[in-house]
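Student: could you work out the structure for the sequence below:
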Amino acid sequence: MDLDGKLLIAMPGMGDPRFEKSVILICAHSAEGAMGLIVNRPARDLTFASLLEQLSIPIGAEGRDIRIHTGGPVERGRGFVLHSTDYAGGATTMQIASGYGMTATLDIIEALAQGGGPSRALLALGYSGWGPGQLESEIRANGWLVADAPAELVFSPDDAGKWVGALKVMGIDPLTLSAASGRA
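Tutor: Numbers count the residues shown, from 1 in each chain. Down below sits the predicted model:
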C-alpha cells in the first residue's frame, strides 16, 4: 500500500482526540513508517507575522501571509512548509507524490516573507508520525480512510470544511459513517 501524497481522513470514533476529524497529507511512507501533516487544524494564537517576528525575519512590502497549522503531536516546535511544486528549494525540498513539496528550512519562510516562494503554501508546526506497520494497522482497524489529495482541498482556506470535503472526494456522505467496524 503506497500512501505517499494521499490523504488520511479520521473516522468517527477514532478514540484519539489529537486526530478527531483530522485530514492528514502523507508526506513519506515506507517500511520504516510514515510521516504526515494535518492540513485542517489551524494553530491557535499564532500568525505568520508573529512567527516572523519571533524568528527576526523582516517582512517585505510584498510579503505574504500564510496560514499556520498544527501538523501533529511530534516535534511541535519544528516547522514544515507544505507547498506547490513551483518552488525549488534544491536538496532541502522533499518532493511528495501528487504534486506537493515540503521544505523545512528557513529559506522558504524568508522567501514567503519577501513575497516570493511557492504560489500555494501552508506552514505546519509539528508532524504526525507512525512506526513500522502502525499506520497500516490503524487503517485496517477502521481508524482512517485513504483518499486522493486534490490541491484545492489541501490549500483551501476553509479548514473547518476540509474533513467533509475530503469525504466528498471519496463520494462519502459523512452522515453515513459509523464508528464501528465489522465484516460481512
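Student: for the host helix or strand of Ser50, buried residues please.
Tutor: In the assignment (DSSP states H and E), Ser50 maps to helix 48-54. By neighbour count on 16 or more other Cβ atoms under 10 Å, the buried set for helix 48-54 is Phe48, Leu51, Leu52. Any C-beta I mention is one placed from the backbone N, CA and C, and that applies to glycine too.
Student: list just the nearest of these to Pro174.
Tutor: Nearest to Pro174 among these: Phe48, at 30.6 Å, using Cβ to Cβ.
Student: report the contact partners of the closest one.
Tutor: The contact partners of Phe48, taken as Cβ atoms under 8 Å, 6 or more residues apart in numbering, are Arg64, Asp65, Ile66, Arg67, Ile68, Leu112, Leu123.
Student: so which of these comes closest to Pro150?
Tutor: Checking those against Pro150 with Cβ to Cβ, the nearest one is Arg67 at 17.4 Å.
Student: my read: the closest one touches Val39, true?
Tutor: No: in this structure Arg67 lies outside contact range of Val39 using Cβ atoms under 8 Å: 9.7 Å.
Student: what touches both of the two?
Tutor: Leu122, Asp159.
Student: all strands for this structure, in order.
Tutor: Taking DSSP state E to define them, one finds strands in the chain at 7-10, 23-30, 33-38, 68-70, 74-84, 93-96, 100-103, 121-130, 144-147.
Student: among those, which is nearest Asp158?
Tutor: The nearest among those, by Cβ to Cβ, is strand 23-30 at 11.4 Å.
Student: partners of the closest one, with directions?
Tutor: Strand pairing for strand 23-30, determined by DSSP bridges: strand 7-10 (antiparallel), strand 33-38 (antiparallel).
Student: look up how far Ala147 lies from the closest residue to Ser98 other than its chain neighbours.
Tutor: Excluding the flanking residues, the one nearest Ser98 by Cβ to Cβ, 6 or more residues apart in numbering is Gly5, at 3.2 Å. From Gly5 across to Ala147, the span is 11 Å (Cβ to Cβ, to the nearest Å).
Student: kindly report the same for Ala88.
Tutor: 27 Å.
Student: these two: which is more packed in?
Tutor: Ala147 (20 against 11; other Cβ atoms under 10 Å).
Student: what sits against that one?
Tutor: Lys6, Leu7, Ile9, Ala166, Leu167, Val169, Met170.
Student: beta partners for the residue positioned nearest the centre of the chain?
Tutor: Nearest to the geometric centre of the chain sits Leu37, at 3.1 Å (Cα atoms, centre = their mean). Note on Leu37: beta-bridge partners by DSSP bridges are Leu25.
Student: then Ile68?
Tutor: Using DSSP bridges, the bridge partners assigned to Ile68 are Leu123.
Student: is it true that it touches Ala43?
Tutor: Yes: judged on Cβ under 8 Å, Ile68 makes contact with Ala43 at a distance of 4.3 Å.
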